[in-house]
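Novice: below is the sequence, then the predicted model.
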Amino acid sequence: MALHHLLTLAFGLLGNIVSFMVFLAPMPTFYTIYKKKTTEGFQALPYVVALFSCMLWIYYALLKQDATFLITINSVGCLIETAYLAIFLFYAPKMARISTLKLLLLLNVLGYGLMLVLTLFLAKGEKRLKVVGWICLVFNLTVFAAPLCILKKVIRTKSVEFMPFPLSFFLTLGAVMWFFYGYLLKDYNIAFPNILGFIFGIVQMVLYIVYKNAKKVLLEEPSKVQELSDHIIDVIKVSTMVCPELSPVVVLQPNDIDLIELVLDPTNIVKEIKTEETKEDMDDASTKV
């Protein structure tokens, strides 16, 4: 019995540590937002959903009464996600700010409030705990299924740019810790969703290993890079001669963008072209003299 309690304590503590690191993972994103003073193309939905999830688990843990570690980590999660959303709302454009506020009102205020009222007045005791547990279970399953979109994008683009390995690793590790914590508590509302989280985490890490060298292959072929660079320079020269008042436009495939950025700076090329034309004019003038 003492060993069982010790293991529950250990997995709960480890789950808190790993989940805390996952909560801190978006900090570079928000540092970028702070530096640029704009949210650019970032979306607030993941942070709204994360805040809602933390609120759900706190309510469930309070009803359960023996899940202290759920209360601690999700309370910290609420504070962190609220801070993220505050930064997002401060720097977001007007339309993005309005849509985020609507989402917060709909999900975290009305949705959570309705669930709270219904479970408090329509269910009592053990039945209330089961209903809230099932709500947490279903919601967590949908959250863990969300990476399917990322997996599809990785396979389609053969790029792991939007699926960093450390985040996938810690999500998988966290799923393991919370699974054993729920299993030792005999609480399958906690344990079962983390089985799915573990499976998706393993799939993400396998895909990362498969596609992590996709861009390095391009860098190992300098002759092709040079050939592509020369071709683009020729296109820019022709565009400049035909219509000099317009900026040159090159239509590229999505997979070519990173490669071109490595070998070409259009601004410098245009400057070099103008410099060459100036030198040619000076040579012609000196020849005439």
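Specialist: Great, that's in hand.
Novice: residue contacts, the spatially closest residue to residue 179 that is not a sequence neighbour?
Specialist: Excluding its sequence neighbours, the residue lying closest to residue 179 (C-beta to C-beta, 6 or more residues apart in numbering) is residue 194, at 4.0 Å. Any C-beta I mention is one placed from the backbone N, CA and C, and that applies to glycine too. Contacts for residue 194 (C-beta atoms under 8 Å, 6 or more residues apart in numbering) come out as 144, 174, 175, 176, 178, 179, 182.
Novice: so the last one sits against residue 195, correct?
Specialist: No: at 9.9 Å, residue 182 and residue 195 do not qualify as touching, with contact defined as C-beta atoms under 8 Å.
Novice: those two: which is more packed in?
Specialist: residue 182 (24 against 17; other C-beta atoms under 10 Å).
Novice: so that one versus residue 190, what's the distance?
Specialist: 3 Å (C-beta to C-beta, to the nearest Å).
Novice: where do the helices sit along the stretch 1-150 of the chain?
Specialist: Assigned by DSSP state H, counting those that start in this stretch, the helices in the stretch 1-150 of the chain fall at 2-24, 27-36, 45-64, 68-91, 94-103, 112-122, 125-145, 148-157.
Novice: between the ones you listed, which one is nearest to residue 199?
Specialist: Judged by C-beta to C-beta, the one of the helices of the stretch 1-150 of the chain that comes nearest to residue 199 is helix 125-145, at 8.6 Å.
Novice: ok and the closest one relative to helix 112-122, angle-wise?
Specialist: Going by axes from the mean of the first three to the mean of the last three C-alpha atoms, to 10 degrees, helix 125-145 is angled at 150 degrees with respect to helix 112-122.
Novice: how about helix 125-145 as PDB, C-alpha atoms only?
Specialist: Output in PDB follows, covering the C-alpha atoms of helix 125-145 (Å, rounded to 0.1, in the frame of the first residue of the first chain):
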ATOM      1  CA  GLY A 125     -22.800  13.100  -5.700                       C
ATOM      2  CA  GLU A 126     -21.200  10.200  -7.700                       C
ATOM      3  CA  LYS A 127     -23.400  10.800 -10.700                       C
ATOM      4  CA  ARG A 128     -22.100  14.400 -11.000                       C
ATOM      5  CA  LEU A 129     -18.500  13.200 -10.800                       C
ATOM      6  CA  LYS A 130     -19.100  10.700 -13.600                       C
ATOM      7  CA  VAL A 131     -20.800  13.200 -15.900                       C
ATOM      8  CA  VAL A 132     -18.000  15.800 -15.500                       C
ATOM      9  CA  GLY A 133     -15.500  13.000 -15.900                       C
ATOM     10  CA  TRP A 134     -17.000  12.000 -19.200                       C
ATOM     11  CA  ILE A 135     -17.000  15.600 -20.400                       C
ATOM     12  CA  CYS A 136     -13.300  15.800 -19.500                       C
ATOM     13  CA  LEU A 137     -12.700  12.500 -21.300                       C
ATOM     14  CA  VAL A 138     -14.400  13.400 -24.500                       C
ATOM     15  CA  PHE A 139     -12.800  16.900 -24.600                       C
ATOM     16  CA  ASN A 140      -9.300  15.500 -24.000                       C
ATOM     17  CA  LEU A 141      -9.800  12.900 -26.800                       C
ATOM     18  CA  THR A 142     -10.600  15.800 -29.200                       C
ATOM     19  CA  VAL A 143      -7.600  17.700 -28.000                       C
ATOM     20  CA  PHE A 144      -5.300  14.800 -28.500                       C
ATOM     21  CA  ALA A 145      -6.800  14.100 -32.000                       C
END
